[in-house]
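A.B. asks: return a 3D structure for these sequence lines:
(chains A and B)
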Amino acid sequence: MKFPEYTRNALDVISANKFRAFLTTLGILIGTANLIMVVSLIDSTEKQIKDRFGRFGTRLIYLGIHKEVFGEDELSMIKKIEGVSCVCPSIWYLTIFKVGRKDKHIEIIGSSPETMYVENIEIEKGRFIIDSDVYNKRRVCIIERKLANKLFKGLSPIGEEMKIENIHFQIVGVTESKGFMKWWEDILYIPYTTLMEFSGQSYINHCGILVEEDEDLEACVQRIKRWFIKKYKEEDFHIETWEEMIREVKEGTNIINLIGLIISGLSLLIGGIGIMNVMLVSVRERTREIGIRKAVGATNRDIVIQFLIESITLSLVGGIVGTIIGIIGALIFSPLLDLPRSISISAIFVGFLVPSLVGLFFGVWPARQASRLDPICALRYE
Amino acid sequence: MIVLENVSKYYKMGEGLIRALDGISLRINEGNFLAIMGPSGSGKSTLMNIIGCLDRPTSGVYLFEGEDITKKKERELAFLRNKKVGFVFQTFNLLPRFSCLKNVELPLFYAGYSKDEMRKKAYKALEAVYLSHRIDHKPSELSGGEMQRVAIARALVNDPKIICADEPTGNLDTKTGEEIMNIFYSLNNNGVTIILVTHEKKLISFAKRRIFLVDGRIVD
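C.D. replies: The predicted model follows:
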């Protein structure tokens, strides 16, 4: 096989002109790094969505009620609808909370014990809301680890108190930071009954409904819809399944991904043109070498392969460095966006394949130029 | 072995046509040592390039071992150059980045030899030109005579039928030039056909036969 020799030769040529190679592959490097980050972030987002919906994902229906008439009674009515396994109310309440001297927005989520399963919440320390909390409207709260670390600097927050709008809440649990959709603010869970009392809101506006196993999700959605229309005579609510939620989240991130991909594409295009340019220069500089090679028996095909491998290698050098930078970048950026760290094999595969294809595509023209040189003219070239 | 009949080579130069070779007929037997002489621009390099399958005639017939070269494809010519012909140039034409050994291995690489075979054969060829102690040196670390000996090793490494040498002593001093000529002489004694292009009269003594070109024609 001639390939290892060609590759070694290509690396020789590249290392003889290190700075030029560096400048040439900069576009490829940036393009690949960007591409790896985008692919990794897409992966992370998907992974996060899966985490969020957890094992009940395929059985979840979300209900948003716009009428201010939905309370405990209606809740238990829904629970009786055929196929509904559990109903889990949630009320969102945005307020301001002092951290040190700073005012911070905090989202209080009035929850029920089932919220833990429906939202796939993981308890790190302590416990989640229990039935007696809801029944007795206890002033207990569960905070996210991120907030706990901010407030208590590593000390256990369990049993400590938090003052929100002049009411004291006792911290009974710490959850894993999920930050889904709400990554810009902190989240606090309290019993929904407590929240209703505390905020004066008498109605429930969000509801997670878990459908029983082996039950047709769509049929259940239709039953809930019928119940609503029968009761309120109008469609003043919205109902969403997990599939629709995932689609929405993905649509939200699609624009960002698209911009990322366009930037990658442009960098790779510019990088590719740079490679083509430097390869054309290289063909010119090495005209005599091409003449010598032809004189000792190289065919046009041999010359094409030699120069193609060179342009692919050049592009791949940039691609490999770009892949490494992209992976490091993804590892740094994912936590900043509250996404799980995820480096997929597909990202690394893309990091190798795409620069190779760019090198191949933009190397064809220079390689053909090289192979078409007349050996006699090439040997005389000064 | 080599038969040229009424071979011509024309180059287009702007509007005009340059007749580099104008109706050459020539027969070269195996084991010959032919010196092609003539003033610069007389077409001697062009003739050598055609004989060495590096170039194709515009018209006429060229038979190499009975095969018509004018009808051969690029690939087939490359194959012939690789297996049957060795070139030695005035300017040595070694690859500067490669060691002597690698330079000599180059024709073997295109012939598809394995790494071990390449190394063995290249070493033997360098030994034949008394350079086995220089295999890892780069051309820039060698003297002119040594570089030309590397070039000869490269030319003979694939056991060619003919060696085409274009002014091989042109860039060397008299004494070194003679050493190089002695190598050709002994190669010829071993049966290799040598085609030597030169304008130095004193080298003719090595040749068995000589032709003289003027304006693309054999005059003597």
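
A.B. asks: who touches the helix or strand where residue B:109 lies?
C.D. replies: Taking DSSP states H and E as the criterion, residue B:109 maps to helix B:100-111. Contacts to helix B:100-111, defined as Cβ atoms under 8 Å, 6 or more residues apart in numbering or on different chains, come from residues A:2, A:5, A:292-293, A:296-299, A:302, B:78, B:82-83, B:86, B:94-95, B:98, B:117-119, B:121-123, B:125-126, B:131, B:134-139, B:142, B:150, B:153-154, B:157-158. Where you see a C-beta, it was placed from the backbone N, CA and C, and this is true even at glycine.

A.B. asks: can you list the residues of chain A near chain B?
C.D. replies: Neighbours of chain B within chain A, by Cβ under 8 Å from any Cβ of the partner chain: A:2, A:5, A:12-13, A:16, A:288-289, A:291-302, A:375-376, A:379.

A.B. asks: one more time with 10 Å, if that's ok
C.D. replies: For chain A, the contact set with chain B under Cβ under 10 Å from any Cβ of the partner chain comprises A:1-2, A:4-6, A:9, A:12-13, A:16, A:286, A:288-289, A:291-303, A:371-372, A:374-376, A:379-380, A:382.

A.B. asks: weed out the non-buried ones from the residues you listed.
C.D. replies: A:5-6, A:9, A:13, A:286, A:288-289, A:291-300, A:302-303, A:371, A:375-376, A:379 (16 or more other Cβ atoms under 10 Å in any protein chain shown).

A.B. asks: quick one, phi psi at residue A:309?
C.D. replies: For residue A:309, the backbone dihedrals are phi -60, psi -30 (criterion: degrees, to the nearest 10).

A.B. asks: one more: residue A:68?
C.D. replies: phi -90, psi 40.

A.B. asks: now the one residue in chain A that gets nearest to chain B, nearest residue through space, not along the chain?
C.D. replies: Nearest residue of chain A to chain B: residue A:297, at 2.4 Å (Cβ to the nearest Cβ). Closest residue to residue A:297 apart from its sequence neighbours, by Cβ to Cβ, 6 or more residues apart in numbering or on different chains: residue B:82 at 2.4 Å.

A.B. asks: how about the one you found, secondary structure?
C.D. replies: Three-state call for residue B:82 (DSSP: H, G, I helix; E, B strand; the rest coil): helix.

A.B. asks: what's the burial count for it?
C.D. replies: The tally of other residues near residue B:82 (other Cβ atoms under 10 Å in any protein chain shown) stands at 25.

A.B. asks: same thing with residue B:21?
C.D. replies: Using other Cβ under 10 Å as the criterion, the residues surrounding residue B:21 number 26.

A.B. asks: I figured it hits residue B:41, correct?
C.D. replies: No. Counting by Cβ atoms under 10 Å, residue B:21 stays clear of residue B:41, with 11.9 Å between them.

A.B. asks: tell me which residue of chain B lies closest to chain A.
C.D. replies: Closest point on chain B to chain A, by Cβ to the nearest Cβ, is residue B:82, at 2.4 Å.

A.B. asks: what helix or strand is residue A:95 on?
C.D. replies: strand A:84-99.

A.B. asks: avg pLDDT for that strand?
C.D. replies: In this model, strand A:84-99 has a mean pLDDT of 83.

A.B. asks: centroid residue for chain B?
C.D. replies: Taking Cα atoms, centre = their mean as the criterion, residue B:164 is the residue nearest the geometric centre of chain B, at 1.9 Å.

A.B. asks: all set now, cheers.
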